[in-house]
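*Asks:* what's the 3D shape of this:
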Amino acid sequence: MDHDAVADKVHSLSNLELAALLCLVAEQHCIVEADPSQLDAVAQELQVITTNVFGLSSAVLDCSDKTTVDHFGNDLLVDDNGDDSSYFSHVPPHSRLSIANIVIAKNLNQSRSQVHIQALELIRNKRIYTRNAVHAAPKRFVFVALLTPDSTDQLDVHLRDQIFISHYHQPEDGLPNLEDAGYVDDDAASLASVVRPSTSKEGRKALSFGPDEISSLTKRIPHIRFSSEVRAYLQNIVVFMRLHRAVAGGVSPQATRHFELLVRALAPLHGLDFVTPSLVALAARKIYPHRIVLTTPENERSLQWGSDIEAVRQMLDGVVVEDVIDDVLAQVEVPL
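*Replies:* Predicted coordinates for the structure are as follows:
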């Protein structure tokens with residue numbers, strides 16, 4: 001594989017395309033956040049990306065408090081030809097159905113806890129039970145929880161910990177694949193065109209990643225080199241994150257494993273066979289936002305040594321997870 005050519009292609013990907021590619025390469029899953037007005041359009045964009053960029057099948061689950069475990073299990077199945085089973089006038093034999101390569105669970109936070117547990121089972125064991133069969137996930141499988149920005153913490157904490165990365169879709173990033181396919185309505189088109197992508201329609205067609213390219217990138221991950229200084233930098237970020245006064249939890253062993261995996265997966269996408277400090281900092285901003293649980297003034301640990309609760313309350317006022325990550329990255333010394 002021409003590593004420079006891959007890096008050039010990656011550089012031309014949209015942020016959503018890059019998030020999907022990272023998950024496919026690392027064989028992991030993600031949370032995508034979007035403003036409520038854009039949620040449906042982003043779901044469509046992800047479907048077109050799945051088809052046009054990766055040549056894979058997709059299924060969209062529109063979750064609510066009425067979504068049952070049966071609905072969840074059936075709605076992520078597609079026909080072996082890649083068509084969503086919900087569009088069939090006649091339901092095909094069960095042997096023709098399989099789990100889609102990319103499952104987009106819109107508003108998953110609104111579903112019941114039993115559905116969250118089912119999603120966790122699907123992510124961990126790569127299979128789903130329906131009333132009629134047991135369906136195994138395909139080799140290339142990504143579960144995407146598509147949520148509004150204020151709803152991620154409503155997901156089950158164990159489910160969040162199993163999800164690899166999170167990404168917020170900025171409205172100004174646009175919906176280039178939807179526009180090329182002619183699926184964007186007037187309101188979405190005007191919003192998506194605030195910043196036009198620099199890649200032409202013809203150029204975007206050349207940005208596809210086939211199974212061989214994805215497999216090649218996956219195989220490179222274990223061979224990415226860490227210097228002792230960069231590895232110490234990563235570990236220091238983990239320690240500082242865990243000890244930060246505003247953090248109550250979420251800096252788990254699984255998060256640390258995902259942290260290193262993401263850094264390794266990012267390197268070949270940048271044409272590198274080694275890890276740089278900038279890749280570590282970039283990975284921290286994708287690994288921790290959906291995991292970190294902020295403390296309350298009453299539970300802030302310094303109260304055990306006599307801190308004043310009003311002073312603690314003022315210190316924590318307005319602090320969000322992104323502030324914690326920025327604070328930690330500013331405190332940890334970057335290796336030269």
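*Asks:* Identify the residues contacting the host helix or strand of residue 212?
*Replies:* Counting by DSSP states H and E, the element that carries residue 212 is helix 211-220. Contact with helix 211-220 is made by 1, 6, 21, 24-27, 54-55, 140, 265, 267-269, 273, as judged by Cβ atoms under 8 Å, 6 or more residues apart in numbering. For glycine as for every other residue, the C-beta is placed from the backbone atoms N, C-alpha and C.
*Asks:* Please compute how far it lies from its chain's middle.
*Replies:* Relative to its chain's centre, helix 211-220 lies at 19 Å (Cα atoms, centre = their mean, to the nearest Å).
*Asks:* Stretch 246-253 too?
*Replies:* 19 Å.
*Asks:* try stretch 25-36
*Replies:* 2 Å.
*Asks:* tell me the mean pLDDT for that stretch?
*Replies:* What stretch 25-36 shows for mean pLDDT is 97.
*Asks:* Report the buried residues of that stretch.
*Replies:* 25, 26, 27, 28, 29, 30, 31, 32, 33, 34 (16 or more other Cβ atoms under 10 Å).
*Asks:* Out of those, list just those in strands.
*Replies:* Here DSSP state E is the test, and the buried residues of stretch 25-36 give 30, 31, 32, 33 as lying in strands.
*Asks:* In a markdown table: those, plus distance to residue 277.
*Replies:* Converted to a markdown table, those look like this (distance: Cβ to Cβ, whole Å):
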| residue | distance to residue 277 |
| --- | --- |
| 30 | 24 |
| 31 | 25 |
| 32 | 27 |
| 33 | 26 |
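*Asks:* domain parsing for the chain?
*Replies:* 3-216, 224-331 (automatic domain parsing).
*Asks:* could you pull out the strands for the stretch 1-150 of the chain?
*Replies:* Taking DSSP state E, counting those that start in this stretch, the strands of the stretch 1-150 of the chain run over residues 30-33, 58-62, 77-79, 97-99, 102-106, 127-129, 134-136, 142-147.
*Asks:* The third one packs against which elements?
*Replies:* Okay, so that is strand 77-79. Using 3 or more Cβ pairs under 8 Å, 6 or more residues apart in numbering; DSSP states H and E, the elements in contact with strand 77-79 are strand 58-62, strand 97-99.
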